[in-house]
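*Asks:* structure, please.
(one chain, ligands or ions: 2)
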Amino acid sequence: MRRARLFAYQIPMDAGVVLRHQRLKTRDGLVVCLGEEGRDGWGEIAPLPGFSQESLEACRQATLAWLEAWCCGQHPPLPSLPAVAFGLSCALAELEQQLPVAGEYRTAPLCTGDPDALFSMLAALPGEKVAKVKVGLYEAVRDGMLVNLLLEAVPDLRLRLDANRAWTPLKAQQFAKYINPAWRDRIAFIEEPCHTRDASRAFAADSGIAIAWDESLREPDFRFVAEPGVRTVVIKPTLTGSLQAVRAQVQAAHAAGLEAVISSSLESSLGLTQLTRIAAWLTPGTLPGLDTLSLMQAQLIRPWPGSALPLYGVEHLEALR
Ligand SMILES: O=C(O)CCC(=O)C1=CC=C[C@@H](O)[C@@H]1C(=O)O
Ligand SMILES: [Mg+2]
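*Replies:* Ligands and ions are numbered 1, 2, ... in the order given. As a prediction, the model looks like this:
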């Protein structure tokens, strides 16, 4: 006999979390639990406002319809909405014990740009010193000076930067001007520096700073191909779809000689702990970009090792089925 439960969650976010110029006060999503033969499998369905095309309401409806069919013993195809396909495929993979349990819990810490905070964070970081810094929110010159300072102060630091397509070619150039050429290869990559892909390619060629694609993966003409200056693709499973689709993207990236970084779409600790397992399984040796739990005020169902945030159990959730 198959059983399926569906819950809605709402987690308060830290003050000041801004996504695409909009403050995100709460993270809202669904949690699914599939049960069969005494085993169960969990999944999180949480479209990210400003990034996902599908609404939470559309996800709720598609999930309920799929669960109905699945509970009747059918094998319905996964819904096409990426967040739903991701969450349901995780639940199925857990149920069928196909999602390896070992996780990569070291992740590239997100740094707000406060050098002192970064230094203490790095001191506590075991192994490779890799951190991620958001750029493009303030003046490009200020970003350039800050990144240069961090690279100067911590000689074994490698930085991942993310501009979310904020810069014109001129701004990108102003940024690069402040980075000592001798340290530019310690910028592991900068995600999507410019408004367009062509401008980002030109930035990589002119500056010698490697770039990564993130937003581009969701564009219909995107292909996983080797290109000069492009080192990495950032894969956000909630925006990609099923585990099978995520695996296909990782394989396509690796086949083209690109590094694939599994990254968060601000899932709760439940989704994040699954993403660590996906990263350990599909991208061993590459630190995932999953340091987003601290943007939230609580964890959900499963704790992230070492997090002091309160843990919400199912009793905190609204049962939908
Ligand atoms: O990739 C990481 O290291 C953390 C995740 C992250 O940076 C993001 C997640 C979701 C939305 C954005 O704010 C941001 C990104 O643009 O990549
Ligand atoms: Mg990004």
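*Asks:* ok, residues contacting the longest helix that the chain contains?
*Replies:* Determined from DSSP state H, the single longest helix within the chain is helix 56-71. For helix 56-71, the surrounding residues in contact (CB atoms under 8 Å, 6 or more residues apart in numbering) are 2-4, 6, 8, 28-30, 32, 34, 45-47, 76, 78-79, 81, 83-84, 87-88, 320-321. Glycine gets a C-beta too; all of them are placed from N, C-alpha and C.
*Asks:* in ChimeraX, how would I select the buried members of the residues you listed?
*Replies:* To isolate the buried ones among the contacts of helix 56-71 in ChimeraX, judged by 16 or more other CB atoms under 10 Å, type:
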select :4,6,29,30,32,34,45,46,47,78,79,81,83,84,87,88
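*Asks:* convert the C-alpha atoms of stretch 140-153 to PDB, please.
*Replies:* Provided in PDB are the C-alpha atoms of stretch 140-153 (Å, rounded to 0.1, in the frame of the first residue of the first chain):
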ATOM      1  CA  ALA A 140      31.800  48.100  -9.300                       C
ATOM      2  CA  VAL A 141      35.000  49.900  -8.100                       C
ATOM      3  CA  ARG A 142      34.100  49.200  -4.500                       C
ATOM      4  CA  ASP A 143      33.600  45.500  -5.400                       C
ATOM      5  CA  GLY A 144      37.000  45.400  -7.200                       C
ATOM      6  CA  MET A 145      38.800  47.000  -4.200                       C
ATOM      7  CA  LEU A 146      37.100  44.600  -1.800                       C
ATOM      8  CA  VAL A 147      37.900  41.400  -3.800                       C
ATOM      9  CA  ASN A 148      41.500  42.600  -4.300                       C
ATOM     10  CA  LEU A 149      41.800  43.200  -0.600                       C
ATOM     11  CA  LEU A 150      40.500  39.700   0.300                       C
ATOM     12  CA  LEU A 151      42.900  38.000  -2.200                       C
ATOM     13  CA  GLU A 152      45.800  40.000  -0.900                       C
ATOM     14  CA  ALA A 153      45.000  39.300   2.800                       C
END
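*Asks:* distance between it and the chain's centre?
*Replies:* 24 Å (CA atoms, centre = their mean, to the nearest Å).
*Asks:* and the residue of the protein that's closest to ligand 2?
*Replies:* Going by CB to the ion, ligand 2 is nearest to Asp214 of the chain, at 3.7 Å.
*Asks:* would you mark the buried spots in the longest helix of the chain?
*Replies:* Buried positions in helix 56-71, judged by neighbour count with 16+ other CB under 10 Å: Leu56, Ala58, Cys59, Arg60, Ala62, Thr63, Trp66, Leu67, Trp70, Cys71.
*Asks:* got JSON lines for those, with distance to ligand 1 too?
*Replies:* Formatted as JSON lines, those follow (distance: CB to the nearest ligand atom, whole Å):
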{"residue": "Leu56", "distance to ligand 1": "16"}
{"residue": "Ala58", "distance to ligand 1": "20"}
{"residue": "Cys59", "distance to ligand 1": "17"}
{"residue": "Arg60", "distance to ligand 1": "22"}
{"residue": "Ala62", "distance to ligand 1": "22"}
{"residue": "Thr63", "distance to ligand 1": "22"}
{"residue": "Trp66", "distance to ligand 1": "25"}
{"residue": "Leu67", "distance to ligand 1": "27"}
{"residue": "Trp70", "distance to ligand 1": "29"}
{"residue": "Cys71", "distance to ligand 1": "33"}
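*Asks:* just send those residues back as CSV, with pLDDT too.
*Replies:* Putting the buried residues of helix 56-71 into CSV (pLDDT from 0 to 100) gives the following:
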residue, pLDDT
Leu56, 98
Ala58, 98
Cys59, 98
Arg60, 98
Ala62, 98
Thr63, 98
Trp66, 98
Leu67, 98
Trp70, 98
Cys71, 97
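*Asks:* thank you kindly, that will do.
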